[in-house]
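# generate a structure from the sequence data that follows.
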Amino acid sequence: MRLGGGIERSYSNPDEWIKLVQDLKYSAVLVPVTYDASKEDKRAYMDYINKYNLVIGEVGAWKNPLATNEGERREALLYCKNQLALADEMKANCCVNIVGSRGEVWDGLYKDNYSDETYSLIIDSIRDIIDSVKPVNTFYTIEPMPWMVPDSPEAYLKLIKDVDRKAFGVHLDYTNMINSPKRYAFRTEFIRECFQKLGPYIKSVHAKDAIMKPSLPCIIEEVAPGKGTIDFIEVLRLCEGLGQDMTVFVEHMHTYDEYKAAAEFMRETGIKANVDIK
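Below is the predicted model:
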């Protein structure tokens, strides 16, 4: 498997970027440009990616294709299409987004997120994005969220069936689906279930930790790898089973040094798990 994460330090050219990537010892990277970058910039980054045997795991398309404002929705769809085209051009493992929300906050909890009308709009939006680009080198994927589709392995399998596009895959964020005390209590079993059911479709993984606070009614918080109760030896073994070039990312750190520490924890855990992390 390959390990990557964010950087949280600015860079203005490929030379500065690759020095940061090498210092962090990443073998997987997030795309370092957006779709509107020049051909020269894209080529320069790709030269380094090829030279140092890196894999672009994810191209983010963090917009709301379900926005209630029609202008915002059209803008989001166009951005997603452009980012998917970028992922295809740069041969990333996937382009990733969430399905979106039916409220003011693009990733927020709303009752309408779960309506039949919204589900139909989700299917239409994903199909529109994929059909407009027709990618051959990448996949469009959805990151699960605690309060929108898909919020379980079963919901993701249903989404795959209903979207019915070969270029639609899975971005696995198991922590985002640990959204109840019962799932938290059986977190290792649940994570195994995610890999078992979704494994053939997984294109990239977020490796995040979680902890449930002893308070009512329920607070489950994401924390840095090693700071919570997720069994990362098991997680890394499951990730390894997906192939040697499966990209696994730590995320949501606030500083460069936090990313460095999180990546080092993952590498140390890989040694304990007898998992080969490139």
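# and the nearest residue to Ala155 once chain neighbours are set aside, how far from Leu20?
Of all residues not flanking Ala155 in the chain, Val149 sits nearest, at 5.8 Å (CB to CB, 6 or more residues apart in numbering). The C-beta positions use only the backbone N, C-alpha and C, and glycine is treated the same way. Counting by CB to CB, to the nearest Å, the gap from Val149 to Leu20 is 35 Å.
# of the two, which one has the most company?
Comparing Val149 with Leu20 by other CB atoms under 10 Å, the one with more neighbours is Val149, at 21 against 18.
# would you mind confirming that the more buried one makes contact with Ser101?
No - counting by CB atoms under 8 Å, Val149 does not reach Ser101; the two are 10.5 Å apart.
# can you give me how far stretch 198-210 is from the chain middle?
Here stretch 198-210 is found 8 Å from its chain centre; the criterion is CA atoms, centre = their mean, to the nearest Å.
# buried set for it?
Leu198, Tyr201, Ile202, Lys203, Ser204, Val205, His206, Ala207, Lys208, Asp209, Ala210 (16 or more other CB atoms under 10 Å).
# average pLDDT across the host helix or strand of the last one?
Put plainly, it is Ala210. Ala210 belongs to strand 209-213 when assigned by DSSP states H and E. Per-residue pLDDT over strand 209-213 has a mean of 97.
# for the helix or strand just after it, buried residues please.
Remark: after strand 209-213, the chain's next helix or strand is strand 219-223, criterion DSSP H and E. By neighbour count on 16+ other CB under 10 Å, the buried set for strand 219-223 is Ile220, Glu222.
# circling back to that earlier point, common neighbours of Val149 and Ser101, please.
Asn113 (CB atoms under 8 Å, 6 or more residues apart in numbering).
# can you name the residues that contact Ala167?
Going by CB under 8 Å, 6+ apart, the list of residues near Ala167 reads Ile130, Lys134, Pro135, Thr138, Phe139, Tyr140.
# SS state for the nearest residue to the third one once chain neighbours are set aside?
Okay, so that is Pro135. Nearest residue to Pro135, sequence neighbours excluded (CB to CB, 6+ apart): Asp88, at 4.0 Å. Recorded secondary structure, Asp88: helix (DSSP: H, G, I helix; E, B strand; the rest coil).
# what about stretch 92-99, start to end distance?
Using CA to CA, to the nearest Å, one end of stretch 92-99 lies 20 Å from the other.
# again, but for stretch 88-106
End-to-end for stretch 88-106, by CA to CA: 25 Å.
# can you list the buried residues in it?
88-90, 92-103, 106.
# hang on, Tyr48 packs against Leu54?
Yes - in this structure, Tyr48 is within contact of Leu54 by CB under 8 Å, at 7.5 Å.
# more crowded one of those two?
Using other CB under 10 Å, the more surrounded residue of Tyr48 and Leu54 is Leu54, with 22 against 18.
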